[in-house]
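Colleague: the sequence and its predicted three-dimensional model are supplied below.
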Amino acid sequence: MNEMILKFPARSENEVFARNAVAAFVLPLEPTLSELSDVKTAVSEAVTNCIVHAYRGREGWVTVHCTADGEELSVEISDEGRGIADLRRALEPFYTTLPEEERSGMGFTIMQTFMSDFSVVSEEEKGTTVKMKKRFAAGQARNAG
């Protein structure tokens with residue numbers, strides 16, 4: 001198993017860094033371009049949620065924890081911010097707490113669609129953790145053969 005932990009300030013310029021770091025980390029699992037794109041998009045959405053929603057103008061940190069084992073990538077992206085008051089509602093497509101900023105409310109839906117497994121744990125005023133997994137076809141084919 002391989003592992004990576006990144007911790008960085010919750011600033012918009014760090015979203016690209018996080019996405020590219022996870023993409024580089026996953027390369028030994030031999031993802032297809034489509035699978036790699038899925039991971040990058042899901043990571044972007046999760047990190048952006050931390051930056052936009054968790055701290056709302058306050059300074060804070062985002063932590064990205066990845067493990068790679070066999071053909072599977074596990075990613076946890078967490079903050080220590082506001083938390084989510086109504087998680088069930090937040091997971092509904094098109095729900096946003098910031099409609100004035102023209103947010104689509106599709107971040108969680110995109111993460112869930114692009115990854116093999118997805119869950120969210122959140123506690124008000126303590127933060128949120130998005131947990132995602134992606135299984136890769138190349139690794140699955142190797143293990144089947």
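Modeller: Arrived safely, thanks for sending.

Colleague: helices or strands up against the biggest helix by length in the chain?
Modeller: Longest helix in the chain, counting residues (DSSP state H): helix 33-49. If you count contacts as 3 or more Cβ pairs under 8 Å, 6 or more residues apart in numbering; DSSP states H and E, helix 33-49 packs onto helix 14-26, strand 61-69, strand 72-79, helix 107-114, strand 127-135. Just so you know, the C-beta spots here come from the backbone N, C-alpha and C atoms, and that holds for glycine as well.

Colleague: now these in a markdown table, with mean neighbour count?
Modeller: Converted to a markdown table, the helices and strands packed on helix 33-49 look like this (neighbours: other Cβ atoms under 10 Å):
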| stretch | mean neighbour count |
| --- | --- |
| helix 14-26 | 18 |
| strand 61-69 | 19 |
| strand 72-79 | 22 |
| helix 107-114 | 19 |
| strand 127-135 | 20 |
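
Colleague: what's the least confident stretch among these?
Modeller: Ranked on mean pLDDT, the bottom entry among these is helix 107-114, at a mean of 90.

Colleague: what's that helix in contact with?
Modeller: 38-39, 41-42, 45-46, 48-49, 90-91, 93, 118, 120, 130, 132, 134 (Cβ atoms under 8 Å, 6 or more residues apart in numbering).

Colleague: and which of these is nearest to Ala21?
Modeller: Nearest to Ala21 out of these is Val39 (Cβ to Cβ; 11.3 Å).

Colleague: how many neighbours does that closest one have?
Modeller: 24 (other Cβ atoms under 10 Å).

Colleague: could I get the contacting residues of Ala68?
Modeller: Met1, Asn2, Glu3, Phe25, Val26, Pro28, Leu29, Ser74.

Colleague: out of the helices and strands packed on helix 33-49, which comes closest to Leu33?
Modeller: Proximity to Leu33 (Cβ to Cβ) singles out helix 14-26 among the helices and strands packed on helix 33-49, at 10.8 Å.

Colleague: coming back round to it: ranking the contacts of helix 107-114 by neighbours, who comes first?
Modeller: In the contacts of helix 107-114, the most neighbours by other Cβ under 10 Å go to Ala46, 33 neighbours.
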